[in-house]
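Participant: What would the 3D arrangement of this be:
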Amino acid sequence: MKRNLSIFSLLKIFKVCFSHLIKFLLIFLIICPSLLKAQPFKEKVHSLEEKLKKEQKHFLKGNIEDVAYVKKILAEMFFLDQEARNLLIHDLENPIIGQLLMRIDRFHMQKMKEILKHYGWITISKFGPEADYHAWMLVQHADEDANFQAGCLFVLSQLLKTGETNKKNYAYLYDRVALKFQYLGMKQRYGTQVSVSKNGFEILPFEGTMAELNQRRFEMGLTLINSYLEEIKKSYQR
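Facilitator: Got it, this is the predicted structure:
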């Protein structure tokens, strides 16, 4: 009788322990994905911070009159810019990456002002199309100084005539600047700037009709607006 009672007690204890184990596993499965997700994010943010520090230290030593050096630092700034924005795309409301991106943009803008004060622009004939693209992207994101962006836009409007810059880049920068000066009645001409929210995507104010917008986009080598919006959706769904 005692032996049977002992076995019964052990089975009861085992049942209770197994029940607690199942509950623990369920809690772990709920929490674990968040922990696994948080760790890579912290590592990526730390990596971006270290790259920014490296830029700030390294760029002080270079010779801005050296074309090869300028091309090199433009590429470094461009890739850091893109890496930070790709991280932000998947967490638009995260204040940590938002503040870090602001610091990155501010430093890049200061450096671009220094470079363009010396060269005017990173022309295709002198620096190549890739460097021209990198310079444009960095100016495109220099949103703290709309007057600086507008000055660059004027320079690009002159370079378009000689093929020294890419007309697609000009279109994007035109729209970016136009929206900064909406109080003067300016609107987009090419529909490149879109509002992104949890509710979807919306083209910010533009001139004329949708048909006229698409015509201007075609002239600048841009895809039709519906195709463009689909591309944006895909980039945010990755």
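Participant: To what extent is the closest residue to residue 64 other than its chain neighbours buried, counted in neighbours?
Facilitator: Computed as CB to CB, 6 or more residues apart in numbering, the closest residue to residue 64 that is not its neighbour in sequence is residue 118, at 5.6 Å. Just so you know, the C-beta spots here come from the backbone N, C-alpha and C atoms, and that holds for glycine as well. Residue 118 has 10 neighbouring residues, counting by other CB atoms under 10 Å.
Participant: Would you check how far apart residue 118 and residue 105 are?
Facilitator: Distance from residue 118 to residue 105, counting by CB to CB, to the nearest Å: 21 Å.
Participant: Show me the shaky parts of the protein.
Facilitator: 1-39, 91-93, 198, 237-238 (pLDDT under 70).
Participant: So which residue is dead centre in it?
Facilitator: Residue closest to the average C-alpha location in the chain (CA atoms, centre = their mean): residue 85, at 2.3 Å.
Participant: Contact partners for it?
Facilitator: Taking CB atoms under 8 Å, 6 or more residues apart in numbering as the criterion, residue 85 is in contact with 101, 141.
Participant: ok, now residue 204?
Facilitator: Counting by CB under 8 Å, 6+ apart, the residues that residue 204 touches are 175, 179, 188, 193-195.
Participant: cool, and residue 130?
Facilitator: With CB under 8 Å, 6+ apart, residue 130 has these contacts: 71, 75.
Participant: Please settle this for me: is it part of a strand?
Facilitator: No - Residue 130: not assigned to a strand; according to DSSP: H, G, I helix; E, B strand; the rest coil it is helix.
Participant: where exactly do the helices run in this protein?
Facilitator: 2-58, 67-89, 95-119, 124-127, 129-140, 146-159, 167-180, 210-219, 225-237 (DSSP state H).
Participant: so which of these gets nearest residue 203?
Facilitator: helix 225-237 (6.9 Å; CB to CB).
Participant: now the angle from the closest one to helix 67-89?
Facilitator: Interaxial angle of helix 225-237 relative to helix 67-89 (axes from the mean of the first three to the mean of the last three CA atoms, to 10 degrees): 80 degrees.
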